[in-house]
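Student: Got a predicted structure plus its sequence, pasted below:
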Amino acid sequence: MSELLKDKVALVTGANGGLGTAVTRALLDAGATVVGLAPKIQQTDFAHARFAALPAEIKDLNSAKAAVAEALARFDRIDVLAHLVGGFAGGTSVAETDDATFQKMFEMNVTAAFHVLRAVIPPMRKAGGGRIIAIGSRAAEDPGPGVGAYSASKAALVSLVRTVARENKDAGLTANVLLPGTMDTPANRKAMPGEDFGKWVKTESVASLIVWLAGPEGKDVNGAVIPVYGAGL
């Protein structure tokens, strides 16, 4: 086991999802205590003494503050926020996209992050530092046809995170966003069974990058938008 993140506390949103499972395990392996937040997460999802399940859903600022407050009450600090929650919808042109789909993409990919950021930044600033890593998408900078609402929401997330980086650099807080291509998750394999999975981004690769950004050597990386496109770029 690595001691890279020994004595650090990481809050992971979407901790039991396709990417979240890999990220949670990587943070635990690096020595961190992990508070895993997800609507249906259970303590038994990760058999580890330094894992704490936090069943919750980020619906608004109050629910985000309540989750952060619970994590702080249990561990007295949050050193790392890995915000992995998001959603995808596609298949229609911008002209054919309905209001509900557009709004849903922004709620899942931007608004949830907005709530969590507002909840976690004040205690991080008070503590004198912290690391924020959010998951965007290649579509944020390389949009394709049929995913206009998704691409726009992920582009907005990039702008939000970069703004956080600039606003909080005085407090020793860094904020970066990763832009993975298609990730090799069970859900994506089921949705796209005919694709070449070997070209997809491995969740373990993204998890390793998150651990590095959260560690000592990541302190000088702030406001970065990091492409993780995989072999299929």
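Tutor: In hand now; what should we look at?
Student: Torsion angles phi and psi at residue 109?
Tutor: phi -100, psi -20 (degrees, to the nearest 10).
Student: Renumber starting at 34 from here on
Tutor: Sounds good: first residue 34 from here, last item residue 142.
Student: how many neighbours does it have?
Tutor: When neighbours are defined as other Cβ atoms under 10 Å, residue 142 has 27 of them. All C-beta spots, glycine's among them, are computed from the backbone N, C-alpha and C.
Student: which stretches of the protein have low pLDDT?
Tutor: Within the chain, the segments meeting pLDDT under 70 span 34, 265-266.
Student: Okay, strands next: where are they in it?
Tutor: 42-46, 66-71, 84-88, 113-116, 163-168, 206-213, 258-261 (DSSP state E).
Student: Could you dump the ones you listed into a markdown table with mean neighbour count added?
Tutor: As requested, those are exported to a markdown table (neighbours: other Cβ atoms under 10 Å):
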| stretch | mean neighbour count |
| --- | --- |
| strand 42-46 | 28 |
| strand 66-71 | 27 |
| strand 84-88 | 19 |
| strand 113-116 | 28 |
| strand 163-168 | 27 |
| strand 206-213 | 24 |
| strand 258-261 | 16 |
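Student: Quick one: the ones you listed as a markdown table, columns for distance to residue 104 too.
Tutor: As requested, these are exported to a markdown table (distance: least, Cβ to Cβ, whole Å):
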| stretch | distance to residue 104 |
| --- | --- |
| strand 42-46 | 5 |
| strand 66-71 | 5 |
| strand 84-88 | 7 |
| strand 113-116 | 10 |
| strand 163-168 | 12 |
| strand 206-213 | 17 |
| strand 258-261 | 26 |
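Student: and of those, who's closest to residue 240?
Tutor: Between residue 240 and the strands of the chain, the shortest separation by Cβ to Cβ is 9.0 Å, and it involves strand 113-116.
Student: Packing partners of that closest one?
Tutor: strand 42-46, helix 51-62, helix 145-160, strand 163-168, helix 236-247 (3 or more Cβ pairs under 8 Å, 6 or more residues apart in numbering; DSSP states H and E).
Student: Report all helices and strands that the longest one contacts.
Tutor: Packed against helix 145-160, as judged by 3+ Cβ pairs under 8 Å, 6+ apart, are the following elements: strand 42-46, helix 94-108, strand 113-116, strand 163-168, helix 181-201, strand 206-213.
Student: For residue 148, which of those is the nearest?
Tutor: Set against residue 148 and scored by Cβ to Cβ, the helices and strands packed on helix 145-160 come closest in helix 94-108, at 4.0 Å.
Student: between the closest one and strand 84-88, how big is the angle?
Tutor: Here helix 94-108 points in a direction 150 degrees away from that of strand 84-88 (axes from the mean of the first three to the mean of the last three Cα atoms, to 10 degrees).
Student: Present the helices and strands packed on strand 113-116 as TSV; the columns should include distance to residue 187.
Tutor: What follows is the helices and strands packed on strand 113-116, written out as TSV (distance: least, Cβ to Cβ, whole Å):
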stretch	distance to residue 187
strand 42-46	16
helix 51-62	14
helix 145-160	10
strand 163-168	9
helix 236-247	15
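Student: which one of these lies closest to residue 224?
Tutor: The closest of the helices and strands packed on strand 113-116 to residue 224 is helix 51-62. By Cβ to Cβ, the value is 11.2 Å.
Student: okay, that closest one in PDB with CA atoms only?
Tutor: Output of helix 51-62 as PDB, limited to C-alpha atoms (Å, rounded to 0.1, in the frame of the first residue of the first chain):
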ATOM      1  CA  GLY A  51     -18.200   2.700 -13.000                       C
ATOM      2  CA  LEU A  52     -15.400   5.300 -12.600                       C
ATOM      3  CA  GLY A  53     -16.100   5.900  -8.900                       C
ATOM      4  CA  THR A  54     -15.200   2.300  -7.900                       C
ATOM      5  CA  ALA A  55     -11.800   2.600  -9.500                       C
ATOM      6  CA  VAL A  56     -11.200   6.100  -8.000                       C
ATOM      7  CA  THR A  57     -12.300   5.000  -4.500                       C
ATOM      8  CA  ARG A  58     -10.000   1.900  -4.600                       C
ATOM      9  CA  ALA A  59      -7.100   4.000  -5.900                       C
ATOM     10  CA  LEU A  60      -7.400   6.600  -3.100                       C
ATOM     11  CA  LEU A  61      -7.700   3.900  -0.500                       C
ATOM     12  CA  ASP A  62      -4.600   2.200  -1.900                       C
END
